[in-house]
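Participant: below are the sequence and a predicted model for it; my questions follow.
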Amino acid sequence: MRAVIDTNVLIYDTYEDSMHHGDASQLLDRLEEWVIPLIVIYEYIWFLKGMGVDSSTALDKLEDYISSEKSRTYKEGELLIRKALGSLAEECISLNRFNDEVIIRIAREEGISLATFDKRMRSRARKLGVDVVPTR
């Protein structure tokens, strides 16, 4: 199984004391391919910065994910960004949801699942016909 990885999956996997650490680790182990959007990489690094992690440690943590044989970095393009913004505008959804919409659109474009623990994002993805893992 392949899935687009949301930032919270990486965060939960990184921090052993997080509420979904075991679930996130098992999910990543089970998946054959992790599609990691650039926007997720940016969010992950900003999260680590907010946690006071230094640049060297952040690089090591990121390398663990992007250098995995399972990992493929996805570079969002202009067309996908326009689709995400257009969808938000059409449905009168706040720009606060832009990053999530981009990530969901990648899963939809790739025809693969979305891996996330975010309840609102899971609901939105399902509304757009995207399968979500883990199934809960």
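Facilitator: Structure received.
Participant: so what touches whatever helix or strand Arg82 lives in?
Facilitator: If you go by DSSP states H and E, Arg82 is part of helix 78-90. Outside helix 78-90, the residues that touch it by CB atoms under 8 Å, 6 or more residues apart in numbering are Ile93, Ser94, Leu95, Arg97, Phe98, Glu101, Val102, Ile104, Arg105, Ile106, Glu109. Heads up, the C-betas are built off the backbone N, CA and C, glycines and all.
Participant: list the buried ones in it?
Facilitator: Going by neighbour count (16 or more other CB atoms under 10 Å), the buried part of helix 78-90 is Leu80, Lys83, Ala84, Ser87, Leu88.
Participant: with stretch 13-29 instead?
Facilitator: Asp13, Thr14, His20, Asp23, Ala24, Leu27, Leu28.
Participant: now, those residues that are in strands?
Facilitator: Judged by DSSP state E, the subset of these located in strands is empty.
Participant: between these, which is closest to Arg120?
Facilitator: Comparing the buried residues of stretch 13-29 against Arg120 with CB to CB picks out His20 as the nearest, at 15.6 Å.
Participant: give me phi/psi at the closest residue to Pro37 other than its chain neighbours?
Facilitator: Using CB to CB, 6 or more residues apart in numbering and skipping residues adjacent in sequence, the residue nearest Pro37 is Tyr74, 4.6 Å away. Torsion angles at Tyr74 (phi, psi; degrees, to the nearest 10) stand at phi -110, psi 120.
Participant: show me the contacts for Tyr74.
Facilitator: Val4, Val35, Ile36, Pro37, Leu38, Ile106, Glu110.
Participant: hmm, 6 Å instead?
Facilitator: Val35, Pro37, Ile106 (CB atoms under 6 Å, 6 or more residues apart in numbering).
Participant: any idea which helix or strand carries the first one?
Facilitator: Using DSSP H and E, the element containing Val35 is strand 33-37.
Participant: ok, now the last one?
Facilitator: Assigning secondary structure by DSSP H and E places Ile106 in helix 98-110.
Participant: now do that helix against strand 33-37, angle only.
Facilitator: On the basis of axes from the mean of the first three to the mean of the last three CA atoms, to 10 degrees, helix 98-110 is oriented at 140 degrees to strand 33-37.
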